[in-house]
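Engineer: can't give you the sequence, but here's the structure:
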């Protein structure tokens with residue numbers, strides 16, 4: 001089994017910063033792409049950013065220039081540094097990792113439990 005545990009959410013004022021972390025553990029042979037999504041009642045699930053194993057990154061237009069995704073492969077951890085936060089960034093943030101649990105198995109997506117980020121105006 002594979003577990004993803006997020007941390008770092010909270011309440012912050014508009015213009016502030018937060019750093020989210022997501023650590024993967026369990027029966028991990030290798031991890032390919034890792035990413036962040038967010039969920040709101042209005043937009044449902046929205047892709048935020050992802051990072052490949054060789055650290056190539058992609059960002060949604062809504063966060064480009066404000067958020068930075070990074071990863072530590074030795075720790076099986078992905079981070080999301082969020083800056084210049086806006087009230088519309090308020091959401092539950094989820095991490096996702098494409099994990100292979102053994103060399104003959106295909107990669108499979110695993111999700112964290114989510115962490116709430118609230119940005120006050």
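Structural biologist: Thanks, I have it. Keep in mind that this is a model prediction, so the values were computed, not measured. Residues are numbered from 1 along each chain as shown.

Engineer: switch to C-alpha atoms for all contacts and neighbour counts from now on
Structural biologist: OK.

Engineer: Nearest the geometric middle of this structure, what residue?
Structural biologist: Residue closest to the mean C-alpha point of the chain, counted by CA atoms, centre = their mean, is residue 36 at 2.8 Å.

Engineer: For residue 20, which residues count as its bridge partners?
Structural biologist: Assessed by DSSP bridges, residue 20 has beta-bridge partners residue 80.

Engineer: nope, residue 25 is what I was after
Structural biologist: With DSSP bridges as the rule, residue 25 is bridged to residue 3.

Engineer: contact partners of stretch 13-28?
Structural biologist: Under the criterion CA atoms under 8 Å, 6 or more residues apart in numbering, residues 1-10, 12, 75-87, 95, 97, 99-102, 112, 119-121 lie in contact with stretch 13-28.

Engineer: redo that, cut-off 6 Å
Structural biologist: For stretch 13-28, contacts defined as CA atoms under 6 Å, 6 or more residues apart in numbering pick out 1-8, 76-86, 101, 119-121.
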